[in-house]
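Participant: Sharing a model that was predicted from the sequence below.
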Number of protein chains: 2
Amino acid sequence: MLGKNPGKNGAVRKDAVASIIEDWARERPELDTSPLEVLARLHRTFLRYNNRLTSAIDEHGLAVAGFDVLTALRRAGAPYRLTAGQLADSGLVSSAGVTLRIDRLEKDGLIVRERDADDRRVVYSRLTDAGLAKVDEVFAEHLENERRMLAALSPAECRQLARLLSKLERSIEETAVPDEG
Amino acid sequence: MLGKNPGKNGAVRKDAVASIIEDWARERPELDTSPLEVLARLHRTFLRYNNRLTSAIDEHGLAVAGFDVLTALRRAGAPYRLTAGQLADSGLVSSAGVTLRIDRLEKDGLIVRERDADDRRVVYSRLTDAGLAKVDEVFAEHLENERRMLAALSPAECRQLARLLSKLERSIEETAVPDEG
DNA sequence: CGTATGTGTCTCAGGGCTAAGATTTCTTCG
DNA sequence: CGAAGAAATCTTAGCCCTGAGACACATACG
């Protein structure tokens, strides 16, 4: 209905990635750029999602990085405690990154560090009362925000997209280190 | 077939996001966390993709940010020139970010800055011969790398995923500023 | 017991990004 | 023409991330 619909690909109304692929077809016609259909869209969609998420979280005086830590602690259940290593795994972040995140949250009084009595290398991060209240408040609003972002997709489309993203994550992960399987 | 398959949702083999959703169901059963099925997977899948991409690009002595600029210039076609503003739009990045990217690429001799003769506010970035050679080499390998990451998905699944991501990007974008539509 | 090795966290150096505002240059209009 | 406003880019200040390696502690084994 709107805009031109070149070629046989009627499924995707022309978007930025479609233009990019057309550009490449003109400039380097010998290349098969079909992976961009999925992965360039993944990239751009994530960037937009992340901008939106960052603004929303920022309105509560939090960074996405800190929010990520708080939610990991919250959903772990009482006593809302995880080690730095567990937080690194859960947030797909380096151990150096976790240290910084914890520093900031501790300074803000949302978590406290506690050393393990049995293994003194281990440092737990535990939600304070303020941290628990904060994450419960922000997470509920976060879900509302995400629901709005998904408004244009039907429940069936959401299920399909969830399934395909899960499969893609697995596919990327398995390709990651050739000498590991 | 493999592993346990709890509940009626047989489509997604249990992954990290499924565990996260189970955790929330236990901790805050009153919340509807279904948006996470899509958006938490988008987030995690992107992070894995980005790690893989960063490693691959880094092996060529480039950062993803710089590669993004080089490809934008390359696919614009001869004379491989864009303004800073065009680069900002194309990379979904702020104007300050573009300035930094250009600084680094210029220092590495991959692009040069050129002022517009008619409008002296405008600064073009143009690929040097070295930059052109570099991007042509790295981009071809980049596509191969992406193809491997998609290996587990059928062509039909890729088309579906591309369509749904495009729709999602549009949905997020339209939700972005309530006072704009 | 004591060294070697492994593990968990932190420090350091170096990039990367953004928002806000300064600067330079165009455009408009009285 | 000249001043006000708009536009494009750059600067500044501040936050966030990573890899490499330091450090502290734990474990294995002779």
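Facilitator: That came through, no problem.
Participant: what residues does chain A put near DNA strand C?
Facilitator: Residues of chain A that fall close to DNA strand C, judged by CB under 7 Å from any atom of the strand: A:83-86, A:88, A:95-96, A:98-100, A:102-103, A:113, A:121-124. C-beta here means a position set from N, CA and C on the backbone, and glycine is covered the same way.
Participant: make it 6 Å
Facilitator: Residues of chain A lying near DNA strand C by CB under 6 Å from any atom of the strand: A:T83, A:A84, A:G85, A:S95, A:A96, A:T99, A:I102, A:R113, A:R121, A:V122, A:V123.
Participant: which one of those residues sits closest to A:N145?
Facilitator: A:I102 (25.2 Å; CB to CB).
Participant: In this structure that closest one contacts A:L127, no?
Facilitator: No: the criterion here is CB atoms under 8 Å, and A:I102 misses it with A:L127 at 11.9 Å.
Participant: Put the buried members of the residues of chain A next to DNA strand C into a PyMOL selection.
Facilitator: To isolate the buried ones among those in PyMOL, judged by 16 or more other CB atoms under 10 Å in any protein chain shown, type:
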select buried, chain A and resi 83+84+102+123
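Participant: For chain A, which residues score under the pLDDT cut-off?
Facilitator: By pLDDT under 70, the low-scoring segments of chain A are A:1-13, A:176-181.
Participant: what about the strands in it?
Facilitator: A:81-83, A:111-115, A:123-127 (DSSP state E).
Participant: Please enumerate residues in contact with the second one?
Facilitator: Looking back up the chat, that one is strand A:111-115. Contacts made with strand A:111-115 from outside it, assessed by CB atoms under 8 Å, 6 or more residues apart in numbering or on different chains, are listed as A:69-70, A:73, A:81, A:102, A:105-106, A:122-128, A:131.
Participant: picking up where we left off before, can you pick out the most distant pair from the residues of chain A next to DNA strand C?
Facilitator: Every pair of the residues of chain A next to DNA strand C checked by CB to CB; the farthest is A:A96 and A:V122, at 17.1 Å.
Participant: quick revisit: going through the contacts of strand A:111-115, which ones are buried?
Facilitator: Buried among the contacts of strand A:111-115 by 16+ other CB under 10 Å: A:69-70, A:73, A:81, A:102, A:105, A:123-128, A:131.
Participant: The nearest residue to A:E146 once chain neighbours are set aside and B:D136, how far apart?
Facilitator: Nearest non-adjacent residue to A:E146, counting by CB to CB, 6 or more residues apart in numbering or on different chains: B:P35, 3.6 Å away. Noted for B:P35: a distance of 41 Å to B:D136, by CB to CB, to the nearest Å.
Participant: more neighbours, these two?
Facilitator: Set B:P35 next to B:D136 and count neighbours by other CB atoms under 10 Å in any protein chain shown: B:P35 wins out with 18 against 15.
Participant: wait, what's in contact with A:R74?
Facilitator: A:Y80, A:L127, A:L132, A:V135, A:D136, A:F139, B:E27.
Participant: Could you count how many residues lie near the third one?
Facilitator: Counted with other CB under 10 Å, the neighbours of A:L132 add up to 18.
Participant: now the last one
Facilitator: A count of nearby residues for B:E27, using other CB under 10 Å, gives 15.
Participant: who's in contact with it?
Facilitator: A:R74, A:R75, A:G77.
Participant: Distance of A:R113 relative to A:R104?
Facilitator: Taking CB to CB, one finds A:R113 at 12 Å from A:R104.
Participant: And the contacts of A:R74, which two are furthest apart?
Facilitator: Greatest spatial distance among the contacts of A:R74 (CB to CB): A:Y80 and A:F139, at 13.1 Å.
Participant: Only the buried residues of stretch A:136-151, if you could.
Facilitator: Quick answer for stretch A:136-151 (16+ other CB under 10 Å): A:V138, A:F139, A:H142, A:L143, A:N145, A:E146, A:R148, A:M149, A:L150.
Participant: Can you give the contact residues for it?
Facilitator: A:49, A:52-53, A:56-57, A:60, A:62, A:67, A:70-71, A:74, A:158, B:28, B:31-33, B:35-36, B:38-39, B:168, B:171-172, B:175.
Participant: Give me the buried entries from those.
Facilitator: Buried, going by 16+ other CB under 10 Å: A:49, A:52-53, A:56-57, A:62, A:67, A:70-71, A:74, A:158, B:33, B:35-36, B:38-39, B:168, B:171-172, B:175, out of those.
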